[in-house]
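Visitor: Build me a model from this:
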Amino acid sequence: MYHLRGRFSHELVVKISSVIEKMGCVGVVAVCRDTRPSSACLHHHISSMLLKNGNEVRNLGVGPTPYLSRYTKINSCLGIMITASHNPEEDNGIKLFHSGLEASIPDRPIKSRMPSQNEYDCRDFRYVYIKDAVRGLDSEAVKRRSPKIVVDFGNASSSAFTAHALRMLGAKAITINADHSVPFSRPSEPDKNIPYLAEFVERVSADFAVAHDADSDRCRIVTREGIMNQDVQLLNMADYMCSKGDVFVTTVEASQLVADELRKKGVSVLITPVGSNYVGEKVKSAGASFGGEPCGEYIFPDWLFSADGVYAALKFAEMHCKRGFKSYKPYHTIRDAVMLKGNSKADVMERILKKVDSLGITDINTMDGLLFNHKGVKVLVRASNTQDIIRITTEHPDENAVKNIHSEINELVRSCLKV
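Guide: Just a heads-up that it's a prediction; the model follows:
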């Protein structure tokens with residue numbers, strides 16, 4: 001398990017306390033939090049437990065998840081991010097990082113001590129993070145174009161990061177929903193919840209907008225035409241980051257369009273289960289040039305092996321100034337979900353696998369749900385990690401083919417439920 005999250009409650013605090021107690025004394029631990037009302041309380045509680053167990057606590061205050069991850073990379077230490085990521089404001093939880101990689105939640109004491117190699121004052125590290133991020137990009141190209149970029153923070157923890165970094169890079173930044181002392185002005189997930197940004201971009205004559213989730217490991221792009229299709233956005237960045245002979249890593253949820261276009265360019269595509277932690281691990285082990293998920297979580301290996309929405313915003317600014325965003329026609333895609341209605345996820349998925357086998361389909365990828373081609377249509381059936389539903393995704397360039405196969409697979413999944 002790579003994260004622990006849920007509705008903020010006594011039960012959640014007990015679960016988090018159990019994790020911290022099991023960690024024991026691990027040396028230096030950096031602690032950071034997002035802007036949820038319950039995060040300050042959890043921050044004090046977790047820090048107190050860490051100190052009781054003999055750890056040295058580095059307090060990073062309020063900041064985005066990639067800020068904490070970058071701190072653990074530079075200082076070779078453990079970090080705890082207090083956040084429920086893109087979940088609703090009423091939720092909370094923790095993510096663990098070590099040396100810039102997301103770490104699994106321990107189920108037993110961590111035996112080896114992990115001392116810090118470098119000493120960065122927590123009060124100054126925000127400037128180190130921003131300066132280092134900008135230094136690795138082509139600021140001259142950005143300064144020549146001087147793009148105007150809207151940044152919608154959603155009252156998230158990166159309000160003191162993204163706009164500042166964009167301005168240092170040479171862009172003009174207009175911020176909205178930047179006050180993190182008030183309740184979230186929109187649902188945290190920056191997907192269907194930001195349609196107003198297209199009109200706002202046009203009204204202020206901006207080039208485009210970026211939007212973050214609550215802990216800012218995600219970055220979504222909005223132009224005057226609307227929210228950029230998530231797979232088209234991923235493909236734009238992958239095409240920008242990868243050259244012939246490079247390796248790109250994504251998940252089973254990514255559109256076949258991404259792999260088809262990159263393979264034309266001579267880029268190898270590796271697939272992982274859903275989750276930026278899996279992408280980051282594969283990017284590192286495979287020596288990939290880039291990795292990402294359709295949701296807007298991107299891995300830049302020269303920077304971090306975990307998702308960074310702030311750095312992604314800077315990269316999109318650089319891309320816009322150097323070549324612009326490319327237009328791709330998305331494949332026809334249908335996504336929906338079937339409620340489990342009290343059924344066990346494992347039992348239902350086992351019954352689905354047997355029925356898919358009975359269709360004569362032999363090449364089934366089971367790394368995360370069931371990924372297969374049925375009559376030329378890509379099909380993904382997987383149990384949600386956070387909800388009691390089975391997700392069904394079908395896609396193909398031909399709309400009628402997608403509709404026919406999706407109807408067939410939806411009926412198949414429903415037939416596997418026991419009422």
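Visitor: For Met49, which non-adjacent residue is closest in space?
Guide: The shortest distance from Met49 to any non-neighbouring residue, by Cβ to Cβ, 6 or more residues apart in numbering, is to Ile20 (4.5 Å). Glycine gets a C-beta too; all of them are placed from N, C-alpha and C.
Visitor: my guess is Leu96 is in a strand, correct?
Guide: Yes - counting by DSSP: H, G, I helix; E, B strand; the rest coil, Leu96 is found in a strand.
Visitor: That one and Ile80 touch, don't they?
Guide: Yes - under the criterion of Cβ atoms under 8 Å, Leu96 makes contact with Ile80 at 6.0 Å.
Visitor: neighbour-wise, which of the two wins?
Guide: Counted by other Cβ atoms under 10 Å, Leu96 and Ile80 do not tie: Ile80 has more neighbours, with 28 against 23.
Visitor: With adjacent residues omitted, what lies nearest to the spatially most central residue of the chain?
Guide: Closest to where the C-alpha atoms of the chain average out (Cα atoms, centre = their mean) is Glu297, at 3.3 Å. Setting aside the residues directly before and after it, Glu297 is nearest to Ala307 in space (Cβ to Cβ, 6+ apart), at 3.7 Å.
Visitor: ok, now Pro64?
Guide: Ser216 (3.5 Å).
Visitor: shouldn't the one you found be in contact with Ala163?
Guide: No - in this structure Ser216 lies outside contact range of Ala163 using Cβ under 8 Å: 11.8 Å.
Visitor: Those two: which has the busier surroundings?
Guide: Using other Cβ under 10 Å, the more surrounded residue of Ser216 and Ala163 is Ser216, with 31 against 23.
Visitor: What about Glu199, how many residues nearby?
Guide: Applying other Cβ under 10 Å, we find 12 residues neighbouring Glu199.
Visitor: Now name the helix or strand holding it.
Guide: According to DSSP states H and E, Glu199 maps onto helix 196-203.
Visitor: Return the alpha-carbon coordinates of that helix using PDB.
Guide: What follows is helix 196-203, C-alpha atoms only, in PDB (Å, rounded to 0.1, in the frame of the first residue of the first chain):
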ATOM      1  CA  TYR A 196     -14.700  27.800 -16.400                       C
ATOM      2  CA  LEU A 197     -11.000  28.200 -17.200                       C
ATOM      3  CA  ALA A 198     -11.400  28.200 -21.000                       C
ATOM      4  CA  GLU A 199     -13.500  31.300 -20.800                       C
ATOM      5  CA  PHE A 200     -11.200  32.900 -18.300                       C
ATOM      6  CA  VAL A 201      -8.200  32.300 -20.500                       C
ATOM      7  CA  GLU A 202      -9.900  34.000 -23.400                       C
ATOM      8  CA  ARG A 203     -11.100  36.900 -21.200                       C
END
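Visitor: before we move on, the earlier item: just say helix, strand or coil for the residue nearest to Glu297.
Guide: Here Ala307 is coil, with the state taken from three-state DSSP.
Visitor: Helices along the stretch 201-350 of the chain, start to end?
Guide: Counting by DSSP state H, counting those that start in this stretch, the stretch 201-350 of the chain has these helices, from start to end: 230-241, 256-264, 276-286, 309-322, 345-358.
Visitor: So which elements touch the fourth one?
Guide: Under the contact definition 3 or more Cβ pairs under 8 Å, 6 or more residues apart in numbering; DSSP states H and E, helix 309-322 sits against helix 65-75, helix 125-135, helix 139-145, strand 148-152, helix 162-169, strand 208-211, helix 230-241, strand 298-299.
Visitor: Alright, calling it a day.
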